[in-house]
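Student: Compute the structure for the input listed below.
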Amino acid sequence: MVKKLIPLALFMCVAFTGCNKQLIDTSYKFNYAYVNIGNKVIEGKVESWTDFENGDQIQVKIDGITYLSSANNIVLVYNPNL
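Tutor: I've put the predicted structure just below:
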């Protein structure tokens, strides 16, 4: 019975990877961000942030202002000293 389950488990891992499915749900913690807007970089403590499942956009709230931009323009970091 176990010998039959091993190929099935391997097949499922390959199938999910091919479909770009996430096997394990992970959560990330960020408390500081750099947002590139044109020639200006805004940085500060992150009040909240959200990434969107069906795109590459990230929404970050810094000092009460919400910024929505491509993931190419936002750097989120975790600093344990903040």
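Student: just for this protein, where's the confidence low?
Tutor: For the chain, residues meeting the criterion pLDDT under 70 lie at 1-4, 10, 12-26.
Student: in it, which residue is closest to the centre?
Tutor: residue 51 (5.7 Å; CA atoms, centre = their mean).
Student: How is the closest residue to that residue other than its chain neighbours assigned, secondary-structure-wise?
Tutor: Nearest residue to residue 51 in three dimensions, chain neighbours excluded: residue 58, at 5.1 Å (CB to CB, 6 or more residues apart in numbering). Using the backbone N, CA and C atoms, a C-beta is placed for each residue, glycine as well. Following DSSP: H, G, I helix; E, B strand; the rest coil, we place residue 58 in the strand state.
Student: Can you show me the helices along this protein?
Tutor: Taking DSSP state H as the test, the helices found in the chain are 2-18.
Student: top strand in it by residue count?
Tutor: Identified as the longest strand of the chain according to DSSP state E is strand 40-51.
Student: about what we covered before: list the contacts for the residue nearest to residue 51?
Tutor: 49, 50, 51, 52, 68, 69, 70, 71, 74, 76 (CB atoms under 8 Å, 6 or more residues apart in numbering).
Student: Check residue 61 too.
Tutor: Here residue 61 is in contact with 46, 47, 48, 49, 67 (CB under 8 Å, 6+ apart).
Student: Beta-bridge partners for the third one, please?
Tutor: Residues in a beta bridge with residue 48, per DSSP bridges, are residue 61.
Student: picking that back up, from the contacts of residue 61, keep the buried residues only.
Tutor: 46, 49, 67 (16 or more other CB atoms under 10 Å).
Student: quick one: which of those is nearest to residue 38?
Tutor: When the buried ones among the contacts of residue 61 are compared for distance to residue 38 (CB to CB), residue 67 comes out closest, at 12.2 Å.
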